[in-house]
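Colleague: predicted coordinates and the sequence they were generated for:
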Amino acid sequence: MEAKLGSNPSFVWCSLLSARDVIKEGSIWSIGDGCTWDRSKVNAWFLPSSRAEVLRVRLGSLDCHGKLVWNENKPRTFSVKSAYQVALRIHRSSSAEHSRARDDKLVWNRLWGLPIPPKVRNFVWRACSDILPTRANLVRQKVHMDPKCAICGEHDEAVIHILWQCPLARNVWALVRGRLQKCDSSALDFLNLARTLVVKLSREELETWAMVACSI
Ligand SMILES: [Zn+2]
């Protein structure tokens, strides 16, 4: 199950390895059920409160290894139909990853190309990377504090909230002329917002976006 593709793989080997990915994704390891617990040992080793939990775990015998079980349908029986669904799932997630990587490259290329001060570029980069010291991020770093926005108190103070969605931020953006004023405020996070804006806005508008975001 761990064999590598190699530098000059044959068509058959490529096909086998693709099928292996489907099997890996759609299966789980199951412990054999040939053995039972030695109750006297369980009683000796575990607290009464844990014994029932321990006994519920099915054991495999020493010479019986775990086996791979198809986990994509109720009867746990491999079928071409369920394997096709798994293959489709793998394909979709890898396509989504590729398209995300392509979008991110575009974001960085456009941001890096803007005629803005390095301080602003650095700020936007930190906002997109979600590493600004907002309350929500500080709480994630185990700082003991209220994650709620200090201005509106309605939502957690995430980067996208404080720079784009908080009523105070919306008031600021409402004052900016052009398409920025009408941009949808429902982005998932600041990087997702940047992905949308680099496609939608002109170079000048993006420049304004970066400068205003940095000044909020
Ligand atoms: Zn707020």
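Modeller: Received the coordinates, thanks.
Colleague: alpha carbons only for contacts and neighbour counts from here, please
Modeller: OK.
Colleague: ok, for S27, nearest residue in space, not its chain neighbours?
Modeller: W70 (4.3 Å; Cα to Cα, 6 or more residues apart in numbering).
Colleague: I figured that neighbour hits F78, correct?
Modeller: Yes. Using Cα atoms under 8 Å, W70 makes contact with F78 at a distance of 5.7 Å.
Colleague: list the contacts of the residue nearest to S27.
Modeller: 23, 26-28, 76-78 (Cα atoms under 8 Å, 6 or more residues apart in numbering).
Colleague: could you redo the last one with a cut-off of 6 Å?
Modeller: 26-27, 76-78 (Cα atoms under 6 Å, 6 or more residues apart in numbering).
Colleague: now, those residues that are in strands?
Modeller: S27 (DSSP state E).
Colleague: now, of the contacts of W70, which are buried?
Modeller: 26-27, 78 (16 or more other Cα atoms under 10 Å).
Colleague: just name the closest of the residues you listed to the ion, please.
Modeller: The ion has its nearest neighbour among these in G26, at 42.9 Å by Cα to the ion.
Colleague: can you classify the closest residue to C166 other than its chain neighbours by secondary structure?
Modeller: Of all residues not flanking C166 in the chain, C152 sits nearest, at 6.9 Å (Cα to Cα, 6+ apart). What DSSP: H, G, I helix; E, B strand; the rest coil gives for C152 is coil.
Colleague: okay, the buried ones among the contacts of W70 in a markdown table with distance to the ion and pLDDT next?
Modeller: Listed next are those as a markdown table, based on distance: Cα to the ion, whole Å; pLDDT from 0 to 100:
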| residue | distance to the ion | pLDDT |
| --- | --- | --- |
| G26 | 43 | 78 |
| S27 | 45 | 76 |
| F78 | 51 | 78 |
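Colleague: and which of those residues is nearest H91?
Modeller: Within those, proximity to H91 (Cα to Cα) peaks at G26, which comes in at 13.5 Å.
Colleague: could I get the contacting residues of the closest one?
Modeller: Counted by Cα under 6 Å, 6+ apart, G26 has contacts 70-72.
Colleague: ok so E207 is a strand residue?
Modeller: No. Under three-state DSSP, E207 sits outside any strand and is assigned helix.
Colleague: from the ion, how far off is the most far-flung residue of the chain relative to its centre?
Modeller: Farthest-out residue of the chain from its mean C-alpha position, per Cα atoms, centre = their mean: S40, at 45.4 Å. Distance from S40 to the ion, counting by Cα to the ion, to the nearest Å: 60 Å.
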